[in-house]
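J.: What would the 3D arrangement of this be:
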Amino acid sequence: MEKIDTIIWDWNGTLLNDTDICIESINSLLDKRGLPLLDRKRYLENFDFPVIDYYKRIGFDFSVEPFEIPAMQYIELYSKKVKDSFLHKSTIDVLSFFKSKGFRQFILSASEIGILEESIEYFNISHFFDGIAGLDNHYATSKAQIGINLLKTHGINSKNVCLIGDTVHDYEVAQKMGCDCILIANGHQSVSRLRNTGTTVCENIDCTMGFFEKITVS
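T.: I've put the predicted structure just below:
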């Protein structure tokens, strides 16, 4: 990690502890359709990107209704609940640690950019970040191209970047961006799924600091 001078954070599940409200929101949609509800274990084993495939896996039938209907209903439910969620324990301490050492910090998310910016303002942490990148729609497709554009826009060398996320998709995005990756196992996917990537997996956000303790960015 000696060459790293930039941290790119995923938002949902990595900095924001929103797993419970995501389960509550998707269960509301499943219940209305008479489909089996998700407990936490089943959610962690099935949540994935692109979310359309995840929806199919848990029982949605898009020959009956288009994906856009439950997708937008989910966003409406989630948006009402998101302010009842909270940052992961020690998030502020971790962001402060990296800022004090001179690291540039960014957020890269599969969330719609308006909701993302509103949430970051609500939690009063925007001052930690040099930039925020999200999707221009609500359908949570791949964020790899947005990440690549983020690097170009800010003139960042991918070899100097570590992306920190909580899903296998974050690892896949990091691979496409050409940067290092650390995954946190207290977000939206199970630790076993994360470990199958072969990348570094931490139990919580605090652990990330240990990899960078000896680095101060000039």
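J.: Look at Ala144 and say how many residues are nearby.
T.: Residues near Ala144, counting by other CB atoms under 10 Å, number 16. Every residue, glycine included, has its C-beta placed from N, CA and C.
J.: ok, now which ones touch the closest residue to it other than its chain neighbours?
T.: Closest residue to Ala144 apart from its sequence neighbours, by CB to CB, 6 or more residues apart in numbering: Lys176 at 4.2 Å. By CB atoms under 8 Å, 6 or more residues apart in numbering, Lys176 lies in contact with Ala144, Gly147, Ile148.
J.: helices and strands around whichever helix or strand Ser25 is part of, which ones?
T.: Taking DSSP states H and E as the definition, Ser25 sits inside helix 19-32. Helices and strands touching helix 19-32, by 3 or more CB pairs under 8 Å, 6 or more residues apart in numbering; DSSP states H and E, are helix 40-46, helix 68-81.
J.: How much space separates the nearest residue to Glu24 once chain neighbours are set aside from Lys214?
T.: Counting by CB to CB, 6+ apart, Lys81 is the residue found nearest to Glu24 once chain neighbours are left out, at 6.6 Å. Separation of Lys81 from Lys214 (CB to CB, to the nearest Å) stands at 40 Å.
J.: How about Trp11?
T.: Trp11 sits 27 Å away from Lys214, going by CB to CB.
J.: Compare those two (neighbour count), which wins?
T.: The residue with more neighbours, out of Trp11 and Lys214, is Trp11; 21 against 9, by other CB under 10 Å.
J.: residues touching the residue lying closest to that one once chain neighbours are set aside, list them.
T.: Leaving out its chain neighbours, the residue that sits closest to Trp11 by CB to CB, 6+ apart is Ser109, at 4.0 Å. Neighbouring residues of Ser109 by CB under 8 Å, 6+ apart: Asp10, Trp11, Asn12, Leu116, Ile132, Ala133, Gly134, Leu135, Lys143.
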